[in-house]
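K.L.:
dropping the sequence and predicted coords here.
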Amino acid sequence: MNIFVIMKRTFDTEEKIVINNGVIDEEGAEFIINPYDEYAIEEAIVLREAHGGEVTVITVGDEEAEKELRTALAMGADKAVLLDIEDIDGEIDHFSVSTMLTAYLKDQEYDIILGGNVAVDDGAGQVAPRVAEGLGINQVTTITKLTVDGDKATIERDVEGDIEIVETALPLLVTCQQGLNEPRYPSLPGIMKAKKKPLETLDLDDLDLEEEDVEAKTKTTDRFLPPEKGEGKILEGDVNDQVKELIDLLKNEAKVV
């Protein structure tokens with residue numbers, strides 16, 4: 001089974017993020033594999049263990065993304081591919097990324113492609129569905145269970161607090177949600193093996209694309225952090241006094257009632 005995983009390098013939202021003039025200060029930011037993509041990597045490895053084959057992890061980015069690709073290899077992926085954007089002037093957006101991924105994947109033999117449901121840095125969830133559309137293959141999003149039998153897949157997915165069961169044929173693209181599995185941590189032997197596993201870097205020329213083919217369709221006008229929360233208040237006195245003070249604060253200060 002030929003299995004591909006679409007991965008994104010994102011900043012760690014649990015660490016402090018600094019924004020200067022609408023741009024994230026990457027010098028002070030900690031970068032990781034997008035957490036939802038970790039579910040995709042884990043599920044790809046589980047599929048390979050059950051059915052045999054090979055897992056290839058792909059990302060679009062600059063050479064800094066090699067660190068996250070090596071982490072994916074340490075988790076158990078077999079190969080990694082970096083689609084390099086360093087020579088692209090200007091912004092790239094979801095259209096740009098999906099165009100590059102589609103150009104790469106259309107020349108590959110694949111049975112299933114996995115990605116994260118969303119990226120934690122923008123929450124758009126556009127790239128993987130765009131790739132499926134570009135390749136003309138079936139897609140199922142927000143999956144929480146995946147079973148493959150021959151060329152058929154049975155999938156459970158979240159739908160507004162309920163579960164939908166979908167049966168479809170391979171080739172297939174799915175996006176992975178929390179609850180699908182528990183991603184493994186890279187082991188020390190895995191980290192050592194990852195250093196010798198193949199990591200290929202391709203640019204626009206290798207993908208037979210021109211810069212205008214991946215020109216962004218959107219523009220970021222601003223980027224900012226949420227406003228800081230004000231200090232909390234402790235209500236004192238007996239219960240009746242606290243209730244009166246709380247109502248007064250909700251009416252006159254918070255203005256929510």
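P.N.:
Structure received.

K.L.:
so where's the stretch 1-150 of the chain shaky on pLDDT?
P.N.:
Counting by pLDDT under 70, the stretch 1-150 of the chain contains no low-confidence range.

K.L.:
domain parsing of this protein, as residue ranges.
P.N.:
Structural domains assigned to the chain are 2-214, 230-257, following automatic domain parsing.

K.L.:
a markdown table for those domains, including mean neighbour count and distance to residue 223?
P.N.:
Heads up, the C-betas are built off the backbone N, CA and C, glycines and all. As requested, these are arranged in a markdown table below (neighbours: other C-beta atoms under 10 Å; distance: least, C-beta to C-beta, whole Å):
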| stretch | mean neighbour count | distance to residue 223 |
| --- | --- | --- |
| domain 2-214 | 17 | 5 |
| domain 230-257 | 10 | 23 |
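
K.L.:
turn those into a markdown table, including distance to residue 224.
P.N.:
Output for the domains of the chain, formatted as a markdown table (distance: least, C-beta to C-beta, whole Å):
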| stretch | distance to residue 224 |
| --- | --- |
| domain 2-214 | 6 |
| domain 230-257 | 18 |
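
K.L.:
to residue 220, which of these lies closest?
P.N.:
When those are compared by C-beta to C-beta, domain 2-214 sits nearest residue 220, at 6.5 Å.

K.L.:
surely residue 257 meets residue 248?
P.N.:
No: counting by C-beta atoms under 8 Å, residue 257 does not reach residue 248; the two are 10.2 Å apart.

K.L.:
report the contact partners of residue 129.
P.N.:
Residue 129 makes contact with 139, 141, 173, 175, according to C-beta atoms under 8 Å, 6 or more residues apart in numbering.

K.L.:
give me the element it is part of.
P.N.:
Using DSSP states H and E, residue 129 sits in helix 127-135.

K.L.:
packing partners for the next helix or strand after that helix?
P.N.:
Toward the C-terminus, helix 127-135 is succeeded by strand 138-149 as the next helix or strand (DSSP H and E). Packing partners of strand 138-149 (3 or more C-beta pairs under 8 Å, 6 or more residues apart in numbering; DSSP states H and E): helix 35-51, helix 127-135, strand 152-159, strand 162-169, strand 172-176.

K.L.:
tell me which of these lies nearest to residue 113.
P.N.:
Of all the helices and strands packed on strand 138-149, strand 172-176 sits nearest to residue 113, with 4.3 Å by C-beta to C-beta.

K.L.:
list of residues touching that closest one?
P.N.:
Strand 172-176 has contacts (C-beta under 8 Å, 6+ apart) with 36-37, 39-40, 43, 111-117, 125, 128-129, 131-132, 135, 137-143, 146, 153, 155.
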